[in-house]
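Peer 1: quick check, what structure comes out for this input:
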Amino acid sequence: MGVAAKIAPSMLSSDFANLASEAHRMIQDGADWLHMDIMALCPKSNTRCSGDSEFEKAYRRISGLSPYGFTFHVEVSQDNWQELVHRIKSKGMTPGVALKPGTPIEEVFPLVEGETHVDMVLVMTVEPGFGGQKFMPETMDKVRTLRKKYPSLNIEVDGGLGPSTIDIAASAGANCIVAGSSVFGDPDPAKVISLLRTSVEESQKK
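Peer 2: Now for the predicted structure:
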């Protein structure tokens, strides 16, 4: 398949009072990436927004962490995604695009196929906003469609991933796994991270 397994514990489920030590612990336990959610709100509203100013605000929050990638939601960036991709790359980061459970998968095709393209698609397997939600298996149709259409694309899934759901996601074609509660809530996070990675790697052999 040509894509490596990447396990990214979600810092949304970590101890916010000890983020640095929590991040270090996850890396020591075998995590490839650390996943951080940044919510930007439009002034005087409760709707998500995008644009250069919002990107810069979000980037300033993480710039000191030497971030690897930056993923934005397709639902709020349909008019300016090319500019966003350029800005992300100009900061030395890898661009990705995410979509909510109710968003048709076809909406991300132009972002993958365009001359200015993203390098990863994140399929939300719960509604974005808070952790601990139940995995939505119906979203796996999107993962299967992406994997069939783009064999070498990094496909990430986020929401409700853990030992009981990883095989479904891995067999559908996801290679990048975001897991929060299942990792941070387990007394042996390293064991969970290893299990998630093994499931992805075994599915790729089939």
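Peer 1: are we agreed that residue 21 is in a strand?
Peer 2: No. Residue 21 is assigned helix when assessed by DSSP: H, G, I helix; E, B strand; the rest coil, not a strand.
Peer 1: gap between it and residue 136?
Peer 2: Computed with C-beta to C-beta, to the nearest Å, the distance linking residue 21 and residue 136 is 32 Å. No exception for glycine: its C-beta is placed from N, CA and C like everyone else's.
Peer 1: with neighbour numbers in mind, choose between these two.
Peer 2: A side-by-side neighbour count of residue 21 and residue 136, using other C-beta atoms under 10 Å, places residue 136 first with 16 against 11.
Peer 1: can you give me every residue that contacts residue 185?
Peer 2: Residues counted as contacts of residue 185 (C-beta atoms under 8 Å, 6 or more residues apart in numbering) are residue 13.
Peer 1: where does it land on pLDDT?
Peer 2: Residue 185 is assigned a predicted lDDT (pLDDT) of 96.
Peer 1: could I get the phi/psi values of it?
Peer 2: Dihedral angles of residue 185 (phi, psi; degrees, to the nearest 10) stand at phi -90, psi 0.
Peer 1: now residue 203
Peer 2: phi -70, psi -30.
Peer 1: mind listing what it touches?
Peer 2: Counted by C-beta under 8 Å, 6+ apart, residue 203 has contacts 167, 170, 171.
Peer 1: report the separation between it and residue 38.
Peer 2: 30 Å.
Peer 1: hmm, residue 22 is touching residue 14, no?
Peer 2: Yes. Residue 22 lies in contact with residue 14 (C-beta atoms under 8 Å); the separation is 4.0 Å.
Peer 1: between the two, what contacts are shared?
Peer 2: Going by C-beta under 8 Å, 6+ apart, residues that sit against residue 22 and also against residue 14 are residue 184.
Peer 1: skipping its backbone neighbours, what lies nearest residue 37 in space?
Peer 2: Counting by C-beta to C-beta, 6 or more residues apart in numbering, the nearest residue to residue 37 once its immediate chain neighbours are dropped is residue 12, at 5.3 Å.
Peer 1: give me the neighbour count for that neighbour.
Peer 2: 18.
Peer 1: by contact count, what packs against the helix or strand where residue 24 lies?
Peer 2: In the assignment (DSSP states H and E), residue 24 maps to helix 19-28. Helices and strands touching helix 19-28, as assessed by 3 or more C-beta pairs under 8 Å, 6 or more residues apart in numbering; DSSP states H and E, comprise helix 189-205.
Peer 1: now the angle from the helix it packs on to helix 19-28?
Peer 2: Using axes from the mean of the first three to the mean of the last three C-alpha atoms, to 10 degrees, the inter-axis angle of helix 189-205 relative to helix 19-28 is 50 degrees.
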